[in-house]
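Chemist: Got a predicted model here, sequence first, then my questions.
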Amino acid sequence: MLIPRAVEPHLSKLPRDFYSRRAGEVQSEASEVTRHQGTCRFGLIVLGMIGCFLIYQSFYLRRLPLWTPLLVVPFGAYLGRQMKKYQSEAAKLVRLADYYDAGLARLDHKWEALEEGQEFADPDHFYAADLDLFGNGSLFQLLCSARTQAGRETLANWMKKPASKEEVIERHAAIAELRERHDMREALATAGSLEFSNCRPETFRIWLTSSAPPFPALAPPIAFVLAVAAAPLLIFCGFGVFDLHTVYLRLVALAVIDMSFAAIFLRRVQSIDASVRPLAAELPIVSEILQIAGRERFSSAKLVVLEKRTREGTIPIARLRRFVGLLMVKDNPYSGYFTFLLMWGTQFTMAIDRWRRLHGMQMREWLSAVGELDALISLSAYAYEHPDDSFPELRDEGPVIRAERLGHPLLHEDACVRNDFELGGDVRFVIVSGSNMSGKSTFVRAVGLNTVLAWMGAPVRCTKLNLSALTVGASVRVQDSVIDGRSHFLAEMQRLRRMIDVATEAPLLYLADEIMSGTNSQDRRIATEWVVRALVLRGAVGIITTHDLALTEIASNGLPGRNAHFEDTGEAGNLTFDYKLRPGLLTHSNALNIAHMLGIDTAAKS
């Protein structure tokens, strides 16, 4: 059994200490379970030896009654049950240890130990690749502790599409309520017998949308009658009504009738059997999660609704799990003959198909609820692991974004330099100039990631963040394409054009890093002003970074913008950066200093 524990108040403020302590406790419990397994295994060996001795004494030497070897059977059954119990407990402890190891990996930013979520990456998404939502060293790795694929899919969708203000506020309340529910997160982590990546909602959707025609209404009762018809024959034989030869002939005749009936529906039965086999591995975890959620009690509106939705599905999903499990019994070679006579496969595929037609539409809702709850629990773990992060204040009027001590969520706290920042009102854009490596790109991504976190309902890496509804559009990591014949410059211009189109439809926060670096300074200056004017006319706000000081003139050219900059200090070979955002223009560059620091000028002379 898992170690009972109480969460001490001071530990809730120290995630690393709590995770380390629980990981140590789980390891101790695993050692204890391993010891019990060894004891049971030794006991079974001893019982086997005793059984062999009793059989020898009873059947060979005839010194003991023939029933004597049966005395060890109850003890063997007890030890077998205990062995199975400890095996199940050991598997749960392994998953729980993995859960806390992953938690520590998130805190330590050990990205190689965490799932990257690459299956959710979309190269055409407006900001996913630019802001490192997925992949190694990504926001997904920092946020995701979901147990199910449905939860991972839901979390990824939240990252890629902002929610409404009302939905975000409901998620805030749910996350706040779940933040300290370590027992629920542990129960979720140990649910089922598979890794989370095996629980694919798409498998359920394909099965639920099957267009196979229903079985005739009389088919199930006829199958049942044919299956049980053999029982009276065997009973009559036992009472001497029929002799063995008669029973044999009638059983053969019954088998022929069974096969003929089964052949009528063979293709349909095989189709259903093939479609539900993946569910045999995935239903246990979904069923257990529904049970976990169904027995919880919540107060926040979002969780109360999810609790009701999951409770409705607990019994039907458990029934489906039982049907699918029983269907798989026919694969057992030791029971194959009896399941054949009982038309086992035909009967249970009919029962499963009937279940699908009765609960199919509801099951989509139940799976959606499982995914949503799992995603909220992931965000609650993130909120617990980052106690200094705050929930943003959402505004109706805008566009506006005001941040105090804004930091990059993917950086360690001791390496994260925080800045205050504001957009909106009389300032619709900021042109950030700066020397190379001064922190411009990191700052742009920090603004974008915190906006994504804010509108998916998560805490943000700010002391205070006040913002209105904003759709993020980014041109930070634009890729060219040899296959499509698209240069880097063309790809960037297409992204900027897309920003203008989106700004026509919704409030936009645009982020353009080193804008139009693929052309000459004069063309860059003119084209950038065109882009800025188009976006300002459509009510967008945004940040443009550049090391081309000619672009800073745009902010003082009658447009509602301002200049800011990052700078470095020191001479060649001894550059330092403080990564602090300052108002005004940058007055120098450091490209030659960096070239000298790397010895390129020296290499040019020898």
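Modeler: In hand now; what should we look at?
Chemist: Which parts of the stretch 201-350 of the chain are helices?
Modeler: For the stretch 201-350 of the chain, helices defined by DSSP state H, counting those that start in this stretch occupy the ranges 201-208, 219-228, 230-238, 244-264, 266-294, 301-327, 336-341, 344-385.
Chemist: closest one to T552 among those?
Modeler: Comparison of the helices of the stretch 201-350 of the chain against T552 by CB to CB identifies helix 344-385 as nearest, at 37.6 Å. All C-beta spots, glycine's among them, are computed from the backbone N, C-alpha and C.
Chemist: any idea of the mean pLDDT in that closest one?
Modeler: Across helix 344-385, the average pLDDT comes to 90.
Chemist: Next SSE downstream of it?
Modeler: strand 393-395 (DSSP states H and E).
Chemist: Buried residues, that next one. List them.
Modeler: L394, R395 (16 or more other CB atoms under 10 Å).
Chemist: So which residues make contact with stretch 63-74?
Modeler: Contact with stretch 63-74 is made by L47, I50, G51, L54, I55, Q57, S58, F59, as judged by CB atoms under 8 Å, 6 or more residues apart in numbering.
Chemist: could I get these as CSV with secondary structure?
Modeler: Below are the contacts of stretch 63-74 laid out as CSV (DSSP: H, G, I helix; E, B strand; the rest coil):
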residue, secondary structure
L47, helix
I50, helix
G51, helix
L54, helix
I55, helix
Q57, helix
S58, helix
F59, helix
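Chemist: for those, which one is nearest F120?
Modeler: L47 (52.0 Å).
Chemist: quick one: contacts for that closest one?
Modeler: By CB under 8 Å, 6+ apart, the neighbours of L47 are V72, F75, G76, L79.
Chemist: could you redo the last one with a cut-off of 6 Å?
Modeler: V72, F75, G76 (CB atoms under 6 Å, 6 or more residues apart in numbering).
Chemist: Dump those into TSV; add secondary structure, distance to Q37 and pLDDT as well.
Modeler: Formatted as TSV, the contacts of L47 follow (DSSP: H, G, I helix; E, B strand; the rest coil; distance: CB to CB, whole Å; pLDDT from 0 to 100):
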residue	secondary structure	distance to Q37	pLDDT
V72	helix	20	91
F75	helix	17	93
G76	helix	16	92
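Chemist: In terms of residue numbering, what are the domains of the protein?
Modeler: Taking automatic domain parsing as the domain assignment, the ranges for the chain are 1-108, 189-215+265-385, 393-603.
Chemist: I would like the residues contacting the host helix or strand of V532, please.
Modeler: According to DSSP H and E, V532 maps onto helix 521-537. With CB under 6 Å, 6+ apart as the test, helix 521-537 has contacts from R428, F429, L496, I500, A503, I515, M516, D548, A550, L551, I554.
Chemist: Show the buried residues in the contacts of stretch 63-74.
Modeler: In these, the ones that pass as buried (16+ other CB under 10 Å) are L47, G51, L54, S58.
Chemist: Closest one of those residues to A91?
Modeler: Scanning the buried ones among the contacts of stretch 63-74 for proximity to A91, where the rule is CB to CB, the winner is L47, at 24.5 Å.
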